[in-house]
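Engineer: Dropping a prediction and its sequence here:
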Amino acid sequence: MKIAVTYENGQIFQHFGHTEQFKLYEAVDGKITHAKVVDTNGSGHGALAGFLMQNGVDTLICGGIGGGAQAALAEAGIKLYGGVSGDADAAVSALLNGNLGYDPNVHCDHHDHEHGEAGHSCGDHGCGKHSCH
């Protein structure tokens, strides 16, 4: 199992599309065997799913995430645990122990972009309800 966590200063970064680092964990039989922090090199929303695929990730833990990114992750076969906050290492341990609290209906819709920008449509994130859950 290869797990990625949106990462900033040991904590879970709360906006998937703006994350500058992921902490990647490799786990075997419920135990972390390797962990490293990698830079995204400024990849935006759309490129991040590809970045995770290239790194062999099958599971993502993050805070807020938009509908377009969720769809890209689903298409890539990456399992999403969103709406998580706090210490990154603790969240991965909780996931491996089967007791990670997450929000299966997480979405982030306060993107600072013009509506209709490439990859986004108002239907994806509910214009007018600008909040992260």
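Structural biologist: Received it, and whenever you're ready, just let me know what you need. Numbering: from 1, shown residues only.
Engineer: got the contact list for the spatially most central residue of the chain?
Structural biologist: Taking Cα atoms, centre = their mean, the centroid of the chain lies closest to C62, which sits 3.9 Å from it. C62 makes contacts with V5, T6, I12, F13, Q14, F16, T19, L80, Y81, G82, V84, as judged by Cβ atoms under 8 Å, 6 or more residues apart in numbering. C-beta here means a position set from N, CA and C on the backbone, and glycine is covered the same way.
Engineer: The second one belongs to a helix?
Structural biologist: No - when the secondary structure is assigned by DSSP: H, G, I helix; E, B strand; the rest coil, T6 falls in strand instead of a helix.
Engineer: what residues are up against it?
Structural biologist: I12, F13, Q14, H15, F16, T19, Q21, F22, L60, I61, C62, G63.
Engineer: follow-up on the earlier one: what's the closest non-adjacent residue to the residue nearest to the centre of the chain?
Structural biologist: Spatial nearest neighbour of C62, excluding adjacent residues (Cβ to Cβ, 6 or more residues apart in numbering): T6 at 4.3 Å.
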